[in-house]
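In: I'll drop the sequence and a predicted model, then ask my questions.
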Amino acid sequence: MRGWLWVLVVAFLAGLFWWGMQRNPRELPSVLAKERRPAPDFTLPLLPPYRAEWGETFRLGDHLGKRPIVLSFWASWCYPACYEEAPVLEAAWRKHKDRVLFVGVNTQDKEPEALRFIAQFGLTFPQVFDPRGRVGVDYGMYGVPETFFIDGEGRVYARRAGAIDEATLEGYLKELRP
Amino acid sequence: MRLLLLLLSLWPPALAQEGPPPDLSPEVFRIARELRCPVCQGESAAESNSGVAVEMRRLIAEMLEEGKTAAEIKAFFVERYGEWILYEPPRRGVTLWVWVLPVVGLFLLGLGLFAYFRPRRPLPKELLEEAERRLKEPPA
């Protein structure tokens, strides 16, 4: 009887260990995505290269509910992850720009360095400047790079932590297709 | 003497580094200590110097200035990050187990140790007498 009890305890602990090891540490909980909450609105200044086309400031609320939005939080100091995903995001934006809006949020960065990053990758989708990282807190952001997918109704659909690859990005865009 | 003067001149800045930076009140750090730093491993928002933690402290200071209570400030972060952001898991729901299990474990351990070390019940008197008698018997 006692022997069986030990087997049971060891089996339980082994099961607990196995379950823990199966969990993906990148799957960080996002309250916004889990509850499909309306995307938090913000108004931020646009970085100079985008002002001619988009104006001095960018208000997310003006675009919510019209088409899906990909919100990408990045910084020039975030190496190599942000450098890996920048060309992926730019290519996807060029491919889907007629039906999905891509917005870059430069977070906790310095403007000259952010501009150098933008020039390096030739980013053409609008980029806003948030040196304090205030908007990141509203989105429950952990750290750059982080990508939020907002559906056509203006609700947060998913969050992806870490550099995003082409297959993952295309997968989410397919799910968001209006 | 010169060395002593040098040491004395170094003393006050060394002491000043102990407390929080002068621009934020200790209350800010007290609340930040109860919140997790989102990008760190096992560090609170009070200890970390990461960008997010610095911004969290700044937000706490701003909200305190607006007259918000500590509970309201913590609720602000829970609203955005979920209860994960609280450094101490709340004592209810699933996270109640985090608090209960160690106590249950200790109780079970105590029970096991007691069972192992408890004084054995003495053998019945007649059995002892029988054993004594057989011992005295000459071997067959």
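Out: Perfect, thanks for sending it. Numbering: from 1, shown residues only, chains lettered A, B, ... in the order given.

In: Next secondary structure after the worst-scoring helix or strand of chain B on mean pLDDT?
Out: Ranked by mean pLDDT, DSSP states H and E, the weakest helix or strand in chain B is helix B:2-16, scoring a mean of 48. The helix or strand immediately downstream of helix B:2-16 is helix B:26-32, counting by DSSP states H and E.

In: And the contacts of that following helix?
Out: Applying C-beta atoms under 8 Å, 6 or more residues apart in numbering or on different chains, the external contacts of helix B:26-32 come out as B:19-20, B:44-46, B:53, B:56-57, B:60-61, B:64, B:70, B:73-74. From N, CA and C alone the C-beta is placed, and that goes for glycine too.

In: and the one residue sitting closest to the centre of chain B, which of the three is it?
Out: Geometric centre of chain B, nearest residue: B:Glu88, 8.1 Å, by C-alpha atoms, centre = their mean. The assignment at B:Glu88 comes out as coil when based on DSSP: H, G, I helix; E, B strand; the rest coil.

In: Would you tell me which residues of chain A are close to chain B?
Out: Neighbours of chain B within chain A, by C-beta under 8 Å from any C-beta of the partner chain: A:29, A:31-32, A:107-108, A:132-134, A:136-143.

In: ok, those residues vs A:Thr57, which is closest?
Out: Taking C-beta to C-beta as the measure, A:Thr57 sits nearest to A:Arg134 out of the residues of chain A next to chain B, at 14.3 Å.

In: what's around the closest one, how many residues?
Out: Burial of A:Arg134 is recorded as 15 neighbouring residues (other C-beta atoms under 10 Å in any protein chain shown).

In: Also the one 3 residues further on?
Out: Using other C-beta under 10 Å, the number of residues around A:Val137 comes to 20.

In: and it, what does it touch?
Out: A:Val137 touches B:Val52, B:Glu55, B:Met56, B:Leu59, B:Phe77, B:Arg80, counting by C-beta under 8 Å, 6+ apart.

In: What separation do you get for the first one and B:Arg36?
Out: When you say that, I think you mean B:Val52. 10 Å (C-beta to C-beta, to the nearest Å).

In: Please apply the same query to the second one.
Out: From B:Glu55 across to B:Arg36, the span is 14 Å (C-beta to C-beta).

In: residue boundaries of the strands in chain A?
Out: Secondary structure of chain A (DSSP state E): strands at A:43-45, A:57-59, A:69-74, A:101-107, A:127-130, A:146-150, A:156-161.

In: Determine the set of other helices and strands touching the last one.
Out: Just to be clear, that refers to strand A:156-161. Counting contacts by 3 or more C-beta pairs under 8 Å, 6 or more residues apart in numbering or on different chains; DSSP states H and E, strand A:156-161 packs against helix A:31-34, strand A:146-150, helix A:166-176.

In: Those into TSV, with extra columns for mean pLDDT?
Out: As requested, the helices and strands packed on strand A:156-161 are arranged in TSV below (pLDDT from 0 to 100):
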stretch	mean pLDDT
helix A:31-34	92
strand A:146-150	96
helix A:166-176	95
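
In: Quickly find the element holding B:Ala75.
Out: B:Ala75 belongs to helix B:70-81 when assigned by DSSP H and E.

In: coming back round to it: okay if I get the helices and strands packed on strand A:156-161 as JSON lines plus mean neighbour count?
Out: Formatted as JSON lines, the helices and strands packed on strand A:156-161 follow (neighbours: other C-beta atoms under 10 Å in any protein chain shown):
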{"stretch": "helix A:31-34", "mean neighbour count": "19"}
{"stretch": "strand A:146-150", "mean neighbour count": "24"}
{"stretch": "helix A:166-176", "mean neighbour count": "14"}
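
In: The residue nearest in space to the middle of chain A: what's it in contact with?
Out: The structure's chain A has its C-alpha centroid closest to A:Thr147; by C-alpha atoms, centre = their mean the separation is 1.0 Å. Counting by C-beta under 8 Å, 6+ apart, A:Thr147 touches A:Val70, A:Leu71, A:Ser72, A:Phe73, A:Glu85, A:Leu89, A:Arg159, A:Arg160, A:Ile164, A:Leu169.
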